[in-house]
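K.L.:
Okay, here's the prediction I keep looking at, along with the sequence it came from:
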Amino acid sequence: MLVETLTALAAAGGGAVVQAAGTDAWHGVRRRVAELFGRGDEELEQAELERLDRTARALEPGTAADPERERDRQSERDRQGGMWQGRFEALLENAHPQDQERVAEELRALLAFAAGFEGDLAVSTGRAVATDGGHAVTGVERGGGVGGRPARAVNTGDAEATGPGSRAVSGIADA
């Protein structure tokens, strides 16, 4: 298999781990990554689960909409993505030539699984204010045709609704 192909596949794997952390996809991605690296060895799988948990903790959002904290988070996302890319590269490169295609196919299946969970994201939204029966949303508003699509809101603003029938949401609103 071409080195460029392996590198691109490993980069996509690193990105998938980082993107899945903190989302509905996390548990499935976490389990699949551990199985991929563990290759049926329970101890190896457990070690990977612990490594994945450390990644998830490192990527947890802060509670304040602080621009400096967001820059730090982006740096950590880049660092974690690079770390996982390197781990996937090593896994692919160290696989026996007869097994390399199978490992690559399992990584592709992991990527397809993770891609099926991509959803809406709202980050650092403003304040939602609704009055006199009005409706205000800052973030993600999902209609009836969503079909269970995941959504995530991070560092959302305040929401205030005054008056009968008013509705204000800062974050995720299901219509």
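P.N.:
Done, it's in.
K.L.:
So Ala95 sits against Glu106, correct?
P.N.:
No: in this structure Ala95 lies outside contact range of Glu106 using C-beta atoms under 8 Å: 10.3 Å. Where you see a C-beta, it was placed from the backbone N, CA and C, and this is true even at glycine.
K.L.:
chain center to stretch 156-169, what's the gap?
P.N.:
Mean-position distance between stretch 156-169 and its chain equals 29 Å (C-alpha atoms, centre = their mean, to the nearest Å).
K.L.:
Pull out the buried positions in it.
P.N.:
156-157, 159, 161, 166, 168-169 (16 or more other C-beta atoms under 10 Å).
K.L.:
Max pairwise distance over these: which two?
P.N.:
Largest separation among the buried residues of stretch 156-169 by C-beta to C-beta: Thr156 and Ser166, giving 18.1 Å.
K.L.:
any idea which helix or strand of this structure has the worst average confidence?
P.N.:
Every helix and strand in the chain was compared by mean pLDDT, DSSP states H and E; the lowest is strand 120-123, with a mean of 63.
K.L.:
would TSV of the buried residues of stretch 156-169 with secondary structure be doable?
P.N.:
Formatted as TSV, the buried residues of stretch 156-169 follow (DSSP: H, G, I helix; E, B strand; the rest coil):
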residue	secondary structure
Thr156	coil
Gly157	coil
Ala159	strand
Ala161	strand
Ser166	coil
Ala168	strand
Val169	strand
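K.L.:
Same list, the residues you listed, but as TSV with pLDDT please.
P.N.:
Below are these laid out as TSV (pLDDT from 0 to 100):
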residue	pLDDT
Thr156	74
Gly157	76
Ala159	87
Ala161	89
Ser166	89
Ala168	87
Val169	87
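K.L.:
Following the chain past the longest helix anywhere in the chain, name the next helix or strand.
P.N.:
Determined from DSSP state H, the single longest helix within the chain is helix 67-94. Where DSSP states H and E defines the elements, the next helix or strand beyond helix 67-94 is helix 97-115.
K.L.:
Tell me which other helices or strands that following helix touches.
P.N.:
Helices and strands touching helix 97-115, by 3 or more C-beta pairs under 8 Å, 6 or more residues apart in numbering; DSSP states H and E, are helix 3-20, helix 26-38, helix 67-94.
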